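> Got a sequence here, can you model it:
(2 chains)
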Amino acid sequence: MAERKIRVLLAKLGLDSHTVGVTVIAQSLRDAGMEVIYTGLRQTPDMVVQAALQEDVDVIGISSLSGAQMQHIPKVLDKLREEEIDDKLVVVGGVIPDEDADSLLASGVDRVFTMGAKTSEIAEFIREWWDEQQSSHASVSSEGA
Amino acid sequence: MPRDPVALAERAREGHTASGARLIRMLEEGDEGALLGLRALLPHAGRAHVLGITGPPGAGKSTLVDRIVGELRRREKRVGVIAVDPSSPFSGGAILGDRVRMNTHATDPGVFIRSMATRGQLGGLSKTAFEATTVLDAMGFDLVLIETVGVGQDEVDVVELAHTTAVVSIPGMGDDIQAIKAGILEIGDVFIVNKADLPHADRVAKQLTAMLHLREPAEDGWDPPIVKTEAERAKGIPELVDTIERHRTHLETTGGLARKTRRRSERVFHDLLRERAAARVLAAQSDGGASILAALREGEIDPYSAVDALISEG
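Sure, this is the predicted structure:
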């Protein structure tokens, strides 16, 4: 029996063209045993949500270094709700001022990693969330049986 | 999203993207229940043309796929894409980056792109690629395009799965002897020389022609054409798609489709039998085979004797 793998979508929205950070994160998540789907630059919220649908990912990671996070990320969250796939973990990383981080968290982002966050911290956060999900699913199905 | 495979299959058939994606996910995870969903879809599959694109890393396969999808969309065909990238042999993780070159189709409802990791499977494909193809076929995609992981010389599994196999070459990849070795060059129904603006593209095409003349003529009379493309600049793409469609027609008129479908069934049968039989033999052990594996690791028994012991007991 094959094992369940954590699938993560990594995206960069809008005109933000810095790729070093997102590449480093992609590698560290790969090294943590996850399957990382990287969609490249200049994504729209619609593109991100369609990719999440087609790839059936568990986690959506958005990297933002351009300051346009408040413009795009809430739209991603809205579209996830529209498509009824808002059960995914949404994490944001990059140059994010505190007040932006607060309002992103308020609008449904699960965690914001700002500059200086360790890559291992991100992998750990995802892994812990995943383990929690798995055990809550397991208890639901054992109740059902 | 529920995980009831039959309900997912039904919704997938109605065109619900997330349900199809979830079913593929469950098949990939080896969920045995998911096979119920797959079997529910089988009667509705068999209409799609399955096209395999294979070739060495860096040959421009993803860009070619993007352009082929574009041309097929112009011809009002709905297209499913399965793009395979390698898993890390160390962590089991993977970076699946083929979508990067297919962004123009990211929000087109007539296109479904699914990235897959090889998950330890050799041969240039993921083990679930066949099953995913069936799901996309039953979802009503007219053509399912499988892009293999960048392959070397012997990763030819795609030929078992595709109706039409296109092999991509580029200039500058080796001398004449490369072209007559067994393996990847034997499996092509269509040969593509991509990056045809590079020097020596004509020489590569000539070498391919020479190699194809050395090949035994195909029983069904198909003479594999060579198409030159510049995927980056979208040159040669309509001609390529014409050629692919011509091969499909050829298969239909010569009974090739039925032959390929039979071969595919046999392959699935053997794979499934091997997997299930092995699982059953191990399950028959009181400890699920743990003690024999431990003995193997300790060097107390060699692998040949270990298998003998298990099989004779079973």
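> When you work out contacts or count neighbours from here on, use the C-alpha atoms and nothing else.
Will do.
> Name the single longest helix found in chain B.
Identified as the longest helix of chain B according to DSSP state H is helix B:256-283.
> angle of the helix or strand following that one against helix B:256-283?
Next in sequence after helix B:256-283, counting helices and strands by DSSP states H and E, comes helix B:290-297. Between helix B:290-297 and helix B:256-283, the angle comes out at 90 degrees (axes from the mean of the first three to the mean of the last three CA atoms, to 10 degrees).
> Next one: the longest helix of chain B, is it in contact with chain A?
No - Helix B:256-283 stays clear of chain A (CA under 8 Å from any CA of the partner chain), getting no nearer than 8.6 Å.
> For that helix, enumerate the helices and strands it packs against.
If you count contacts as 3 or more CA pairs under 8 Å, 6 or more residues apart in numbering or on different chains; DSSP states H and E, helix B:256-283 packs onto helix B:158-161, helix B:303-313.
> which other residues reach the longest one?
By CA atoms under 8 Å, 6 or more residues apart in numbering or on different chains, the residues outside helix B:303-313 that reach it are B:281-282, B:292, B:296.
> Including pLDDT and neighbour count, could the residues you listed go into TSV?
Below are those laid out as TSV (pLDDT from 0 to 100; neighbours: other CA atoms under 10 Å in any protein chain shown):
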residue	pLDDT	neighbour count
B:V281	91	16
B:L282	89	18
B:I292	90	21
B:L296	92	15
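> Just the helices from the chain, written as ranges.
With no chain named, the answer covers chain A. Going by DSSP H, chain A shows helices at A:20-31, A:45-55, A:69-82, A:98-106, A:119-144.
> Switch to chain B, please.
For chain B, the helices defined by DSSP H occupy B:5-13, B:17-28, B:34-41, B:61-74, B:129-138, B:158-161, B:176-180, B:201-214, B:237-254, B:256-283, B:290-297, B:303-313.
> quick one, phi psi at B:G92?
When read as degrees, to the nearest 10, the backbone of B:G92 gives phi 80, psi 0.
> Report pLDDT for it.
Listed pLDDT for B:G92 reads 91.
> Now do the contacts for it.
Contacts of B:G92 by CA under 8 Å, 6+ apart are A:30-31, A:33-34, B:119-120.
> And the residue of chain B closest to chain A?
Residue nearest to chain A within chain B: B:G93 (3.7 Å; CA to the nearest CA).
> Just give the number of residues close to B:E76.
11 (other CA atoms under 10 Å in any protein chain shown).
> pLDDT score assigned to it?
For B:E76, pLDDT reads 98.
> same deal with the one 5 residues further on?
B:V81 is assigned 97 on the pLDDT scale.
> what's around it, how many residues?
Residues near B:V81, counting by other CA under 10 Å: 27.
> Dump the helices and strands packed on helix B:256-283 into TSV; add mean neighbour count and mean pLDDT as well.
Listed next are those as TSV, based on neighbours: other CA atoms under 10 Å in any protein chain shown; pLDDT from 0 to 100:
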stretch	mean neighbour count	mean pLDDT
helix B:158-161	23	82
helix B:303-313	12	88
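> May I see these organised as CSV, with distance to B:I82 added?
Compiled in CSV, these are given as follows (distance: least, CA to CA, whole Å):
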stretch, distance to B:I82
helix B:158-161, 12
helix B:303-313, 36
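> Identify whichever of those helices lies nearest to B:M211.
Of all the helices and strands packed on helix B:256-283, it is helix B:158-161 that lies closest to B:M211, at 18.6 Å by CA to CA.
> Give the other helices and strands that the closest one contacts.
strand B:49-54, helix B:256-283.
> out of these, deepest packed?
Most buried of these, by mean neighbour count (mean count of other CA atoms under 10 Å in any protein chain shown): strand B:49-54, with a mean of 25.
> Return the distance of B:G110 relative to A:G116.
42 Å (CA to CA, to the nearest Å).
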